[in-house]
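**Student:** here you go, sequence then predicted model.
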Amino acid sequence: MKHNQSKSVFDYYGKPSFGKALPLSFQHILAMIMGAVTPPLIVAGVAGATAQETMLLVQIALFFSGVSTLLQLYPVGRLGAGMPTIFGVGFAYVPSLIAIGSVYGIPGILGAQIAGGIAMIIVGIFIKQIRHLFPPVVAGTVVLVIGLSLYDIAIKYMAGSGNTAAEGFGSGQNWLVGLTTLAVVLCCSQFAKGYFRLAAIIVGILVGYTLSFFFGMVDFTRLAEAPWVMIPTPFAMGIEFHTSAVISMVVICIVNSVQTIGDLSATAIGGMGREMKDKELSGGLLGNGLCTLVGAFFGGLPTASFSQNVGIVAMTKVISRYVLGIAAVFLILAGLLPKFGAAMTTIPYPVLGGATIIVFGMITMTGIQLLVKDELSSRNITIAALSVALAMGINTVPEAIALLPDTARMLIGSPVIVAATVAFTLNMVLPKKSLKDEAREREQIEREMNGDTESEPCDGNMKIEASN
């Protein structure tokens, strides 16, 4: 199907000039690149990888982040959602990857990932038949928890590092840079006009980066050490299959599909003002499953939708796939040209934290928007309340599950998995009641309490008339 060529950034098929699109593209890259490179760095440390293997994991993560994103933006057959979204190696997998990697190493992770990718593809094939199992109360709760669970990352970044034990964590200098970046983003997004309003995040990052450079906070060590070119080669990291690892990965990949459903739904609602279509949802899951499966052969970790980029789309309403496509191409280049990727990672943590905390807040609000699309009956409120309480409660006190088996901790340790599991289960087992049904029940209870047990229940819209 041909579409009229538009130059609007607010049109999915719009193709603005490269000069206008580039800064908007870099907003997405800068918002997600640390999230894409951190999981492979963590996994490499746990699995005892060499320096060369660590660099390979990082580069392949960037490469497949770009490939996965391009497939979502420009679908091939049934593969890809055709939605303005960014995909990459996701944090949601990290607890499971750590548990598997600490026992079976990177080959064990990649073998289990092949099974996980197949599981994602199966979910994508049958999503039309099972989509009714994920109504707004479930998807909205998942998106809400995604937003809430990201706040601590943003605050840690603003304080200086993803690790609270890092030197200088929480210093006044870090907070000055972080808050300055946040203030610039906020002022541009609310008071600036035209293009500067859309590019609020990149403007904030540039100001924060400049300030942190003068404070001596920019470290170019990784840039100097990175090689110029890296070509992905299959089976470079090895592949092994272990039953317990496969089971854990299949479970996390299936549950993470619910997060993908939530993110894609949030993109459609927050950025495009409409509901997701079955074909788009199926394509998104199929594309993600294929990239996760193929990536395992090259050393790429499992991919997922990036919630912070969903927040950018919801905040700016920039949905042009050309804009996000440029970001995907740069991610691929970053994977092939390690110097380029390393340059991106020189951005200090406080700058990233200040630029993304408002984006994470937008994700939370998108989750609330999804929730209220269903009736706020006591049933739905119970589902959302209990799911959020358990997910965030356990996330706040990880020591509470410290004595559980490793597999259980891998699953329960992720607030997104807890929220998705609880919301899905409660939605299945709790009787479905509308607000009118609940009103009738209250009327019946009131009649019974008044001794009027023989009266027929009346319609919720009718008044009970007392007999003379």
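**Tutor:** Structure's in. What do you need?

**Student:** use CA for all of it now, contacts and neighbours both
**Tutor:** Fine.

**Student:** wait, residue 402 sits on residue 409?
**Tutor:** Yes. Counting by CA atoms under 8 Å, residue 402 touches residue 409, with 7.3 Å between them.

**Student:** those two: which has the busier surroundings?
**Tutor:** residue 409 (17 against 12; other CA atoms under 10 Å).

**Student:** now that one. Nearest residue, chain neighbours left out?
**Tutor:** residue 401 (6.5 Å; CA to CA, 6 or more residues apart in numbering).

**Student:** and the gap between that neighbour and residue 395?
**Tutor:** Distance of residue 401 to residue 395, given as CA to CA, to the nearest Å: 10 Å.

**Student:** out of the two, which sits in the busier spot?
**Tutor:** Each of residue 401 and residue 395 has its neighbours counted (other CA under 10 Å); residue 395 has more, 19 against 15.

**Student:** so that one touches residue 413, yeah?
**Tutor:** Yes. Look at residue 395 against residue 413 with CA under 8 Å: they come within range, at 6.7 Å.

**Student:** now stretch 230-243: mean pLDDT?
**Tutor:** In this model, stretch 230-243 has an average pLDDT of 86.

**Student:** show me what contacts the nearest residue to residue 249 once chain neighbours are set aside?
**Tutor:** Closest residue to residue 249 apart from its sequence neighbours, by CA to CA, 6+ apart: residue 116 at 5.5 Å. By CA atoms under 8 Å, 6 or more residues apart in numbering, residue 116 lies in contact with 246, 249-254, 289, 292-293.

**Student:** which among these gets closest to residue 333?
**Tutor:** Sorting the contacts of residue 116 by distance to residue 333 puts residue 292 at the head of the list, at 19.3 Å, by CA to CA.

**Student:** would you map the helices across the stretch 1-150 of the chain?
**Tutor:** Here the stretch 1-150 of the chain has its helices, by DSSP state H, counting those that start in this stretch, at 18-47, 51-73, 94-125, 127-130, 136-159.

**Student:** likewise the stretch 251-400 of the chain?
**Tutor:** 278-298, 307-316, 321-336, 338-344, 349-371, 378-396.

**Student:** worst average pLDDT in the ones you listed?
**Tutor:** helix 338-344 (a mean of 74).

**Student:** tell me what that one is packed against?
**Tutor:** helix 51-73, helix 221-225, helix 321-336 (3 or more CA pairs under 8 Å, 6 or more residues apart in numbering; DSSP states H and E).

**Student:** buried ones in that helix?
**Tutor:** In terms of neighbour count (16 or more other CA atoms under 10 Å), helix 338-344 has its buried residues at 338-343.

**Student:** need those in JSON lines (columns: distance to residue 11).
**Tutor:** Formatted as JSON lines, the buried residues of helix 338-344 follow (distance: CA to CA, whole Å):
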{"residue": "338", "distance to residue 11": "33"}
{"residue": "339", "distance to residue 11": "33"}
{"residue": "340", "distance to residue 11": "30"}
{"residue": "341", "distance to residue 11": "29"}
{"residue": "342", "distance to residue 11": "32"}
{"residue": "343", "distance to residue 11": "31"}
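
**Student:** which one of the residues you listed sits closest to residue 139?
**Tutor:** Taking CA to CA as the measure, residue 139 sits nearest to residue 341 out of the buried residues of helix 338-344, at 33.4 Å.

**Student:** following the helix or strand of the chain with the lowest mean pLDDT in sequence, what is the next regular element?
**Tutor:** Lowest by mean pLDDT, DSSP states H and E among the helices and strands of the chain is helix 406-412, with a mean of 71. Downstream of helix 406-412, the first helix or strand assigned by DSSP states H and E is helix 415-429.

**Student:** next up, the contacts around the residue nearest the centre of the chain.
**Tutor:** The chain has residue 307 as the residue nearest its centroid, 3.1 Å off, counting by CA atoms, centre = their mean. Applying CA under 8 Å, 6+ apart to residue 307 gives the contacts 146-147, 263, 360, 363.

**Student:** let's go with 10 Å and repeat that
**Tutor:** Counting by CA atoms under 10 Å, 6 or more residues apart in numbering, residue 307 makes contact with 31-32, 85-87, 90, 143, 146-147, 150, 259-260, 262-264, 266-267, 313, 359-360, 362-363.

**Student:** if I look at it, how far off is residue 260?
**Tutor:** Distance from residue 307 to residue 260, by CA to CA: 9 Å.

**Student:** quick check: neighbours shared by these two?
**Tutor:** With CA under 10 Å, 6+ apart, residue 307 and residue 260 have common neighbours 87, 143, 266.

**Student:** isn't residue 190 right up against residue 197?
**Tutor:** Yes. Contact criterion CA atoms under 10 Å: residue 190 and residue 197 qualify, at 7.1 Å.

**Student:** tell me which of those two has more neighbours.
**Tutor:** Using other CA under 10 Å, the more surrounded residue of residue 190 and residue 197 is residue 197, with 18 against 12.

**Student:** contacting residues for the more buried one?
**Tutor:** 185-191, 203, 316.

**Student:** can you report how many residues lie near the closest residue to residue 376 other than its chain neighbours?
**Tutor:** Excluding the flanking residues, the one nearest residue 376 by CA to CA, 6+ apart is residue 435, at 7.7 Å. Per other CA under 10 Å, the neighbour tally for residue 435 reads 14.

**Student:** do you know how far residue 435 is from residue 442?
**Tutor:** According to CA to CA, residue 435 stands 11 Å off from residue 442.

**Student:** go on, residue 333?
**Tutor:** 62 Å.

**Student:** overlap in contacts, residue 395 and residue 413.
**Tutor:** Jointly contacting residue 395 and residue 413 under the rule CA under 10 Å, 6+ apart are residue 401.
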